[in-house]
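Colleague: whatever this is, show me its structure:
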Amino acid sequence: MQLIHDWGYKAQQYRPDPDYQRRIRQLTGSFPYRIDTNFAKMDRINLPSLETFKAHVLNSIYTGHSIQSWVRAINSRDRTVLQQLVDPSAPMPIE
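Modeller: You can find the predicted model right below:
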C-alpha cells in the first residue's frame, strides 16, 4: 500500500512517538476494523474446540500482556490504560 510505503523503511517497526501514532490513527481511521465483530461471529458457532482456540488467543502474551488486556486497553476511553501497556516508564499525558 502506497500510504505505508511513503512512511519509509522504519515504518514496519512499531514506535510510540507522536508522529508514528498520528499516522497509525490516520490509517485505522481510513480502514476501520473491529476485532470484536469477528469474535462475535465466532460466538454464534457452537463448537467447543473453537471456544478453546478463542481462549488460547485471548490469553496469549504479547510484549508481556495478554491479548485480552490489549483489547481492553484499546477499547478503553482512558488513554492512560493503553499508555501503561505501551510504555509504562513514560510520564502520563497532561490533558
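Colleague: for the rest of this, base every contact and every neighbour count on C-alpha atoms.
Modeller: OK.
Colleague: could you point out which element follows the lowest-mean-pLDDT helix or strand in the chain?
Modeller: Least confident helix or strand of the chain, by mean pLDDT, DSSP states H and E, is helix 35-43 with a mean of 69. Using DSSP states H and E, the helix or strand that follows helix 35-43 in sequence is helix 48-59.
Colleague: mind listing the helices for this protein?
Modeller: 2-5, 18-30, 35-43, 48-59, 67-75, 79-86 (DSSP state H).
Colleague: mind checking how far the nearest residue to Asp87 once chain neighbours are set aside is from Leu82?
Modeller: The spatial neighbour of Asp87 that comes closest, neighbours along the chain excluded (Cα to Cα, 6 or more residues apart in numbering), is Pro16 at 7.8 Å. Noted for Pro16: a distance of 11 Å to Leu82, by Cα to Cα, to the nearest Å.
Colleague: between the two, which has more neighbouring residues?
Modeller: Leu82 (19 against 12; other Cα atoms under 10 Å).
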